[in-house]
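> fold the stuff below for me.
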Amino acid sequence: MEHDVPSLPEEIIVKILLRLPTKSLLKFRCVSKSWLFLISSYDFAKAHLKNSNDDRLMFGSKGFSMDLYTWSPQSAADHSAFGGTIYPPLDQNLLVQRVCIDCPLYEPHDVVWFEGSCNGLICLSSSDESLSLWNPTIGKAKKLPNSGTVLDFDYYGIGYGFGYDELIDDYKMVESLSFEPFAGAPTLDIQLKVYSLRANSWKTLLNWPGGHAFGGSGKFLNGAIYWSVHRLDGPIEWVIVSHDLSTYTFSVVHLPHLHNEDNDDVNVDVKVLRGCLEICCERNTHMDIW
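Okay, here's the model as predicted:
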């Protein structure tokens, strides 16, 4: 006598799967065709990402040959054993985990830099001036088309910002180039380009509000990328420029006077921590964090 195998309602199965880690979901795709279709669907991926409560930070090492690490601020707060150091000895550290860079677009000897991450996607740049997006969980990567930027300058600086445009469900990369238009120029020119993953193309922005020297790479928060910049044609006054990825508009946040009585040099960089914008003012002898 045959007995029907009991099964759960589909909505219950979906709720259970949404609570599982990504690596388990990848294995469960082979359970059945219906599970393969469900787990591979775009709507499920978005729901799983929204349901995730993993707040681990990802950062690259400072060495020439880059390593990637993940770090849990909550675990560090609960089990603080390294005095707040973010690069403790790996053989003694249980909080920082090294991520193997097995991106299929690069060889082990290639020089690769970590440019940013968003929703599990990692943006990498390499010594051949190429950019790529990599999902280390599923092992897939995409090389971005060339932006067309020509680095034929005696002096230039180039940086990137990577983020998500929720309005049109699109990932975008911003390339900022500051360069000396001619030898001995009194100031720098700025060129900004934006790559859209959905359109798979670059566009040039012409409405940069000002500022010549960038303090660091752009940081993504709540639909915008934030840059720390200052002008070179007057007193050094740092500002924060926010770039809305949906509207391509900019706004400027002025900072208070940062130089102290000793007139120490100061470099301002922006960071994001737990959903808040963090301003790091690095001086000759110490660092102030807002």
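> and the strands in the stretch 101-250 of the chain?
112-118, 121-126, 131-135, 140-143, 156-165, 170-179, 189-196, 201-205, 213-214, 219-221, 224-230, 238-244, 250-254 (DSSP state E, counting those that start in this stretch).
> give me the helices and strands touching the first one, please.
What that stands for is strand 112-118. Contacts defined by 3 or more Cβ pairs under 8 Å, 6 or more residues apart in numbering; DSSP states H and E place strand 112-118 against strand 57-60, strand 121-126, strand 156-165, strand 219-221. The C-beta positions use only the backbone N, C-alpha and C, and glycine is treated the same way.
> tell me the most buried of the ones you listed?
Among the helices and strands packed on strand 112-118, strand 121-126 has the highest mean neighbour count (mean count of other Cβ atoms under 10 Å), at a mean of 22.
> in its sheet, what does that strand sit against?
Each strand paired with strand 121-126, and its direction, by DSSP bridges: strand 112-118 (antiparallel), strand 131-135 (antiparallel).
> put the alpha carbons of the first one into PDB.
Backbone C-alpha positions of strand 112-118 (Å, rounded to 0.1, in the frame of the first residue of the first chain) are rendered in PDB as follows:
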ATOM      1  CA  VAL A 112      43.900  43.400  -7.100                       C
ATOM      2  CA  TRP A 113      42.400  46.200  -4.900                       C
ATOM      3  CA  PHE A 114      39.100  46.200  -3.000                       C
ATOM      4  CA  GLU A 115      37.000  49.200  -4.000                       C
ATOM      5  CA  GLY A 116      33.800  48.600  -2.100                       C
ATOM      6  CA  SER A 117      30.900  46.200  -1.400                       C
ATOM      7  CA  CYS A 118      27.100  46.400  -1.400                       C
END
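> ok, back up a step: of the helices and strands packed on strand 112-118, which is nearest G184?
strand 156-165 (14.6 Å; Cβ to Cβ).
> in this protein, where is pLDDT below threshold?
By pLDDT under 70, the weakly predicted segments of the chain are 1-6, 49, 52-109, 213, 233-235, 258-264.
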